[in-house]
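Chemist: With the input below, show me the fold.
(chains A and B)
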Protein chains: 2
Amino acid sequence: MIANTPKPPYYAVIFTTYRTDIDEGYFEMAEKMEKLAALQEGFLGVESARNQLGITISYWSSLEAIKNWKHNLEHSEAREKGRSTWYKKYKLRISKVERDYEFEK
Amino acid sequence: MIANTPKPPYYAVIFTTYRTDIDEGYFEMAEKMEKLAALQEGFLGVESARNQLGITISYWSSLEAIKNWKHNLEHSEAREKGRSTWYKKYKLRISKVERDYEFEK
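Modeler: All right, here's what the predicted structure looks like:
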């Protein structure tokens, strides 16, 4: 789903990943983290797609909200498990959305 | 491929899309536009993934570079064709990457 974000400015956390071959626990955890993120103050939405490369973008109202989510205990545990087990390589980018445009038929 | 971007700040254009059922000409044009973008001054890289939702992120050194690419004639023609034929809905977000982190095993 295209995230229904408010008028800019807001923040986008771009998470680009390569997975390992180990699926065990991954999909459950991804779903759990998406639900948990949605409960956080300042969460605005998420968009996700994967082929070989995976891209997940979460949108937030402020850098403070992103920092709070980073330090969330369950999220920190999931991140550790991600590094030890599920991800081979990733890059995370924190960006400020300055403008946006929409098109719909 | 995870784009090998330089140290921030730089810009990310986040293009989130739903396609129509019409494939004709789409893949050729997507490939052509990716090659053409890579020739533009200030282009830093691109990342792409699609399931039902598609996400393409292109990275740029400046807003000026993004504006030049927006006004590129062949790109403008491709955009028109995208609206008339290939895309049902999309959102485009222009964002400034302020920080990034990497992980690799």
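Chemist: Phi first, then psi, for the spatially closest residue to A:Asn68 that is not a sequence neighbour.
Modeler: Spatial nearest neighbour of A:Asn68, excluding adjacent residues (CB to CB, 6 or more residues apart in numbering or on different chains): A:Gln40 at 6.6 Å. Where C-beta positions appear, they are placed from N, C-alpha and C, glycine not excepted. The phi and psi values for A:Gln40, taken as degrees, to the nearest 10, are phi -80, psi 150.
Chemist: I'd like the mean pLDDT over the helix or strand harbouring A:Thr17, please.
Modeler: Element membership of A:Thr17, judged by DSSP states H and E, is strand A:10-19. Computed over strand A:10-19, the mean pLDDT rounds to 98.
Chemist: and what of stretch A:40-47?
Modeler: Confidence over stretch A:40-47 (mean pLDDT, whole number) is 98.
Chemist: now for the longest helix along chain A, which elements pack on it?
Modeler: Longest helix in chain A, counting residues (DSSP state H): helix A:26-38. Contacts defined by 3 or more CB pairs under 8 Å, 6 or more residues apart in numbering or on different chains; DSSP states H and E place helix A:26-38 against strand A:43-50, helix A:73-81.
Chemist: Highest mean neighbour count out of those?
Modeler: When the helices and strands packed on helix A:26-38 are scored by mean count of other CB atoms under 10 Å in any protein chain shown, the highest mean neighbour count falls to strand A:43-50 (a mean of 18).
Chemist: Which neighbouring elements make contact with that one?
Modeler: Applying 3+ CB pairs under 8 Å, 6+ apart, we find strand A:43-50 packed against helix A:26-38, strand A:53-60, strand B:43-50, strand B:53-60.
Chemist: mind listing what it pairs with, with the direction of each?
Modeler: strand A:53-60 (antiparallel) (DSSP bridges).
Chemist: Dump the partner strand to PDB, keeping only the CA atoms.
Modeler: C-alpha atoms of strand A:53-60 as PDB (Å, rounded to 0.1, in the frame of the first residue of the first chain):
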ATOM      1  CA  LEU A  53      16.700  -6.800  -3.000                       C
ATOM      2  CA  GLY A  54      14.200  -5.700  -0.300                       C
ATOM      3  CA  ILE A  55      13.200  -2.100   0.300                       C
ATOM      4  CA  THR A  56      11.100  -1.100   3.400                       C
ATOM      5  CA  ILE A  57      10.400   2.600   4.000                       C
ATOM      6  CA  SER A  58       8.800   3.700   7.200                       C
ATOM      7  CA  TYR A  59       7.500   7.300   7.600                       C
ATOM      8  CA  TRP A  60       7.700   9.300  10.800                       C
END
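Chemist: average pLDDT for that strand?
Modeler: 98.
Chemist: Please list the outside residues in contact with that strand.
Modeler: A:3, A:5, A:10-19, A:37, A:42-49, A:66, A:69, A:97, B:1-2, B:14, B:16, B:47-49, B:55, B:57 (CB atoms under 8 Å, 6 or more residues apart in numbering or on different chains).
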